[in-house]
Structures are given as structure tokens and as C-alpha cells.
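**Q** structure, please.
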Amino acid sequence: MSKFAKWIAGGLGWALFGPIGGIVGFFAGAYLEKGSAGTDQRTHTTTGGYAMTLLVLTAAVMKADGKILKSELNYVKSYFIRAFGPDAAAEALKMLRDILKQEIPLNEVCQQIRENMDYASRLQLMHFLYGIAQSDGHIDISEQNLIDDIGVRIGLSAKDIGSVRSMFIQSTNWAYEVLEISPNASDEDVKKAYRKMAVKHHPDKVSHLGEEFQKKAKEKFQKISEAFDTIKKERNIK
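**A** Residues are numbered from 1 along each chain as shown. This next block holds a predicted model:
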């Protein structure tokens, strides 16, 4: 059994219910039959539940421009291979192809996520979606708008949505946007903002999702450090 299959067999938690369960339940059923008990865990997000949630939202983003290209599936596959390894990526792509054939009730899906998933994990979802959208070297405006809309629907603040977006779509002031401050902020405010963001985005915040997802969270953490270093060099902050 691949790593991805083990995640699903371990339980989908609250994701087994509601609209997400309706979308993925049939395809995940074979794994759940082999898995242990504990699929009725509504109190926290399991690794399997998070993976399924990510696949459903990935499908929604891929359908944003009205067409699904083989090249897009290849890009997503490459992203999943880098993130989770070839075996897990193969299982994920198999499920993703089936999910792409369905209508996704995005509002209901996002409401389920908002009501059941902790804030740090929802914030990491945004980072995953932008990473997948960028995996073909370009983020289409329809993808950007949908990811930002998903961020709003799952209850993220406008500043946090803008911060994650700026990690992938860099403007002149991208480093300040990542730290959620104005270019007019004082040096001391820059340092305070960095410390605040480092705490908010620390990989340990999503340790409950498992090693692979925590590892990907480090990329977001590193981007915050990169933004801080950029500002320090510009201002010659010691």
C-alpha cells in the first residue's frame, strides 16, 4: 500500500462527511475498508482528510479556466511527486482524475473546511493551491481569483490571503506584502512583523497533519525569512 493509500486508510476524519465526503467517499472506499477504525473523527483534521480536501480544491482550481489539459495533470503530478513521492502522487492523480469529472459545490466545500479545520491548516491550503497553480510556470488570472476567493470562503483574513499570494506573484513591494506591512513601516515594525509572521506560519502549527505536509509548510516559513532578508538588505538593517 502506498503512502497516500495509508493516509486514506488511516481515516478521513470530518472530511468523510458533508460535501467533501460526497465527492471522495466512493473513490476512497476501497482504502477505508482496509484501514483501521477511527474514520469518524470530527474533532481534528487527519492526514487523509487533509489530502482529500487538497485534491478537491485542486480540482476546483484546475477547472477554473473551463478546460482540463493533460499538461496541467502532468504539472500537478510533478508537484505531488516533489511533495510526497512517486507512489503517493500516482494514487493522488488517480483520485484527482475522478474528482475532476464531478461538479464541485465550492461554497459548501469551503464552509465545511471553515467549520472543521484549524486556521493554520487552512492557511497552508492556500500555499498548496498557489504552488500547484504555479507548477506550470504561470498563474492564470482565473486561477488567482479563484484561489483568493477560496481563501475568503474558508475564513482567512484579507492580509493573510495577500501575504500568501505575494509569495508566488511578486510585485515591487512583495516582501512587505508577505510580512503584511506597509513600505513606510519603521525598522522596528519590520522586525516585529517578521517575528509575528514567523510564529503564525511556523511548520509546527501543522505538525498534526503529518511529516510530509509539515515539510511543505517549511517552504512558506522560508519565504517569510526571504522577505525579511530582502527588506533588511534594502534598509541595511542589522
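
**Q** what does the helix ranked longest in the chain rub up against?
**A** Longest helix in the chain, counting residues (DSSP state H): helix 211-235. Applying Cβ atoms under 8 Å, 6 or more residues apart in numbering, the set of residues contacting helix 211-235 from outside is 3, 47, 50, 83-84, 88, 124, 127-128, 131, 164, 167, 174-176, 178-179, 187, 190, 194, 197-198, 201-207, 237. Quick note: C-beta positions are derived from backbone N, CA and C, even for glycine.

**Q** and the strands in this protein?
**A** Assigned strands in the chain: none (criterion: DSSP state E).

**Q** give me the below-cutoff pLDDT ranges for it.
**A** Applying pLDDT under 70 to the chain flags the ranges 1-2, 26, 29-43, 65, 67.

**Q** okay, helices next: where are they in it?
**A** Under the criterion DSSP H, helices of the chain are mapped to 3-9, 18-34, 47-62, 70-84, 86-100, 106-116, 119-133, 141-153, 158-168, 174-178, 187-200, 211-235.

**Q** for the first one, which helices and strands make contact with it?
**A** Pointing back at helix 3-9 there. For helix 3-9, the packing partners by 3 or more Cβ pairs under 8 Å, 6 or more residues apart in numbering; DSSP states H and E come out as helix 18-34, helix 47-62, helix 86-100.

**Q** out of the ones you listed, which comes closest to residue 75?
**A** Residue 75 lies closest, by Cβ to Cβ, to one member of those: helix 47-62, at 9.6 Å.

**Q** the inter-axis angle of that closest one versus helix 70-84?
**A** For helix 47-62 against helix 70-84, the angle by axes from the mean of the first three to the mean of the last three Cα atoms, to 10 degrees is 150 degrees.

**Q** where's residue 64 relative to residue 185, distance?
**A** 34 Å (Cβ to Cβ, to the nearest Å).

**Q** show me what contacts residue 119?
**A** Applying Cβ under 8 Å, 6+ apart to residue 119 gives the contacts 155, 156.

**Q** so what's residue 181 up against?
**A** So residue 181 contacts 189, 190, 193 (Cβ under 8 Å, 6+ apart).

**Q** name the nearest residue to the first one, sequence neighbours excluded.
**A** So the one you mean is residue 189. residue 181 (6.2 Å; Cβ to Cβ, 6 or more residues apart in numbering).

**Q** same check on the second one?
**A** By the measure of Cβ to Cβ, 6+ apart, the closest residue to residue 190 outside its immediate chain neighbours is residue 231, 5.6 Å from it.

**Q** neighbours of that neighbour, just the number please.
**A** 23 (other Cβ atoms under 10 Å).

**Q** please report how far the residue nearest the centre of the chain lies from residue 66.
**A** Nearest residue to the geometric centre of the chain (Cα atoms, centre = their mean): residue 125, 2.1 Å. Remark: distance between residue 125 and residue 66 (Cβ to Cβ) = 23 Å.
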